[in-house]
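# Have a look at this prediction, sequence included:
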Amino acid sequence: MAAKLEMVRPAPADSAGPAIEVDRLTKAFYDAEGDRTTVAVSDFSFSVPRGEFVCIVGPSGCGKTTVLRIMADLESKLSGTVDLHSDRPPAMVFQEASVLPWLTVSENIALPLSLKGVKRSKIDARVSELLALTGLTDFARARPQQLSGGMKQRVSVARALADDREILLMDEPFGALDEQTRLVLQQELLRIWEATRKTVVFITHSVDEALTLADRVLVMSPRPGTLVADLDVPFERPRDVVEMRRDKRFWDLTYEVWNLLADKPAGA
Ligand SMILES: Nc1ncnc2c1ncn2[C@@H]1O[C@H](COP(=O)(O)OP(=O)(O)OP(=O)(O)O)[C@@H](O)[C@H]1O
């Protein structure tokens with residue numbers, strides 16, 4: 001699908017240094033009586049340089065969403081530190097497309113800008129860029145109920161990019177989609193990331209989705225979640241989501257991550 005990538009502003013070249021530093025993060029949930037019921041995350045540490053794409057994988061219930069919610073300041077922590085080196089809070093994309101059904105696609109994408117009172121002409125220009133970038137130009141005036149699940153999720157991604165936050169937190173954004181749509185959106189997200197170079201933390205259950213998208217994959221242990229491995233993903237960019245699957249390294253890494261998730265050494 002055609003998109004005008006040149007209109008999107010890439011991250012500045014002098015933007016070295018970590019954008020995100022998480023150090024010994026621990027989170028417990030308490031019941032109504034104040035008794036500690038679940039330690040969700042324990043001593044979890046990682047950092048993300050500016051402009052890097054990091055995926056977090058781990059067993060169900062290991063605390064992935066909790067970590068992301070703490071990073072977004074939607075949840076408190078028990079101990080440890082979380083530093084997001086950015087002037088503005090991160091943008092978020094959730095598993096369920098969070099589109100407002102009474103607004104058009106354009107109005108949904110424009111929302112963060114209209115809420116801030118940005119000038120109409122600026123909003124219109126930005127929305128056109130984002131419609132093109134996410135392949136939604138022909139659906140600018142459609143309402144969410146006229147869109148497929150994948151298209152709704154594209155609207156969510158476009159809206160998260162609208163006011164150009166530096167850090168993007170994505171919680172299983174393609175988890176509810178069929179495999180083919182998921183592959184298409186992975187390819188689109190790769191293209192969008194190439195054009196914008198946001199710092200991205202992306203949670204997924206899918207090992208191959210993580211290897212397709214990320215510069216690094218963080219593997220978490222079962223609850224209480226902590227860091228088990230921090231793996232570099234060596235594939236050059238730009239990436240082709242189908243061609244990557246012909247590369248033996250892709251399957252070797254998949255095997256390695258699955259062994260880590262199964263808690264046994266590779267080859268055992
Ligand atoms: N608000 C809450 N109150 C109590 N316990 C919670 C709350 N939110 C999460 N938990 C618990 O914390 C643990 C981690 O949950 P979290 O949703 O972060 O895991 P996850 O790795 O994202 O899971 P999944 O992959 O299944 O989405 C789970 O045991 C969950 O039951």
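Nice, thanks for sending it over. Computed from a prediction, not measured in an experiment: that's the story for all the values here.
# Enumerate every residue touching the residue of the stretch 101-250 of the chain found nearest the ligand.
Distances from the stretch 101-250 of the chain to the ligand, computed as C-beta to the nearest ligand atom, single out Arg223 as the nearest residue at 5.3 Å. In this view, the C-beta of every residue, glycine as well, is placed from N, C-alpha and C. Contact partners of Arg223, counting by C-beta atoms under 8 Å, 6 or more residues apart in numbering, are 38-40, 59, 61-63.
# out of these, who's near the ligand?
Of the entries in the contacts of Arg223, the ones placed beside the ligand under the rule of C-beta under 6 Å from any ligand atom are 38, 40, 61-63.
# Please convert these to CSV, extending it with pLDDT.
Formatted as CSV, those follow (pLDDT from 0 to 100):
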residue, pLDDT
Thr38, 93
Ala40, 96
Gly61, 95
Cys62, 95
Gly63, 97
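# What subset of the residues you listed is buried?
For the ones next to the ligand among the contacts of Arg223, a burial check counting by 16 or more other C-beta atoms under 10 Å picks out 40, 62-63.
# Show me which of those is closest to Pro234.
Cys62 (25.3 Å; C-beta to C-beta).
# and the residue nearest to that closest one when sequence neighbours are not counted, how many neighbours?
With C-beta to C-beta, 6 or more residues apart in numbering as the measure, Gly225 is the residue that lies nearest to Cys62, at 3.7 Å, once sequence neighbours are left out. Per other C-beta atoms under 10 Å, the neighbour tally for Gly225 reads 25.
# and Gly225, what does it touch?
Contact criterion C-beta under 8 Å, 6+ apart gives 40-42, 44, 58, 62-64, 66-67 as the residues in contact with Gly225.
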